[in-house]
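Chemist: starting from these lines, generate the structure:
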Amino acid sequence: MSKLASIHEFITVEGHLLDERRFEEWLDLYANDVEYWVPSWDENGCLVDNPETDVSLIYYSRRAGLEDRIFRLGTERSSASFPLPRTTHLATNVLIMDRVDKDISVKSNWATYSYRDNVTHVYHGCSQYVLRQDASELGWKIKKKKIVIQNDYLGHVVDFYSIY
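Modeler: This is a model prediction of the structure:
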């Protein structure tokens, strides 16, 4: 299997795990030192560029933030997340952008259909990954992920399971 095909499969598996609410397995795709960032758009329609100083929709500088989020979902103490929506994550246009040692920079476009409380929401955007080759079954770990939501004017809470 080519490197690109392997990466596309990895990204597809990530979406399936989210759709099937297998959040612990989804989390296993992420390295311990992962940076997970969903930047916001500023008042001029420009994407913010610093998660440390700008307002972000989601920002975790380490995997522990994602672990905490999944733990809270498991306790059902996150009222904004219940009931969990039914989702379908789609990824396309997967491109390898750069390679440095064992790290590969990848970009993909995505759309997520989310159904909750008899309403369907569609989110779409692009994701930028830094993937590191490793010995796991799928051969990759996510070292860095930046998710840009193109239609970010949201009238409700958005969380990791509603984006890609």
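Chemist: right, and the helix or strand after the worst-scoring helix or strand of the chain on mean pLDDT?
Modeler: Lowest on mean pLDDT, DSSP states H and E among the helices and strands of the chain sits helix 63-75, with a mean of 91. Proceeding N to C from helix 63-75, the next assigned helix or strand is strand 86-100, under DSSP states H and E.
Chemist: which residues sit against that following strand?
Modeler: By Cβ atoms under 8 Å, 6 or more residues apart in numbering, the residues outside strand 86-100 that reach it are 3-4, 7-8, 11-12, 14-16, 18-19, 104-116, 127-128, 161-162, 164. The way it works is simple: take the backbone N, C-alpha and C, and place the C-beta from them, glycine included.
Chemist: so where's this protein shaky on pLDDT?
Modeler: For the chain, applying pLDDT under 70 flags the ranges 77-80, 155.
Chemist: what about the strands in it?
Modeler: With DSSP state E as the criterion, the chain has strands at 30-39, 56-60, 86-100, 103-116, 119-133, 140-149.
Chemist: which of those sits closest to residue 24?
Modeler: strand 30-39 (11.2 Å; Cβ to Cβ).
Chemist: buried set for that closest one?
Modeler: Residues of strand 30-39 classed as buried: 30, 31, 34, 35, 36, 37, 38, 39 (neighbour count, 16 or more other Cβ atoms under 10 Å).
Chemist: what sits against the second one?
Modeler: So the one you mean is residue 31. So residue 31 contacts 63, 132, 141, 142, 143 (Cβ under 8 Å, 6+ apart).
Chemist: can you tell me how far it is from residue 73?
Modeler: Residue 31 sits 21 Å away from residue 73 when distances are taken as Cβ to Cβ, to the nearest Å.
Chemist: for the longest helix seen in the chain, output the C-alpha coordinates as PDB.
Modeler: Ranked by residue count and defined by DSSP state H, the top helix of the chain is helix 3-19. Output of helix 3-19 as PDB, limited to C-alpha atoms (Å, rounded to 0.1, in the frame of the first residue of the first chain):
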ATOM      1  CA  LYS A   3       2.000   6.000   1.900                       C
ATOM      2  CA  LEU A   4      -0.800   8.200   0.600                       C
ATOM      3  CA  ALA A   5      -3.300   5.300   0.600                       C
ATOM      4  CA  SER A   6      -2.100   4.300   4.200                       C
ATOM      5  CA  ILE A   7      -2.600   7.900   5.400                       C
ATOM      6  CA  HIS A   8      -6.100   8.100   3.700                       C
ATOM      7  CA  GLU A   9      -7.100   4.900   5.400                       C
ATOM      8  CA  PHE A  10      -5.900   6.200   8.700                       C
ATOM      9  CA  ILE A  11      -7.900   9.400   8.400                       C
ATOM     10  CA  THR A  12     -11.000   7.400   7.300                       C
ATOM     11  CA  VAL A  13     -10.700   5.200  10.400                       C
ATOM     12  CA  GLU A  14     -10.500   8.300  12.500                       C
ATOM     13  CA  GLY A  15     -13.900   9.300  11.100                       C
ATOM     14  CA  HIS A  16     -15.500   5.900  11.600                       C
ATOM     15  CA  LEU A  17     -14.400   5.800  15.200                       C
ATOM     16  CA  LEU A  18     -16.000   9.100  15.900                       C
ATOM     17  CA  ASP A  19     -19.200   8.000  14.100                       C
END
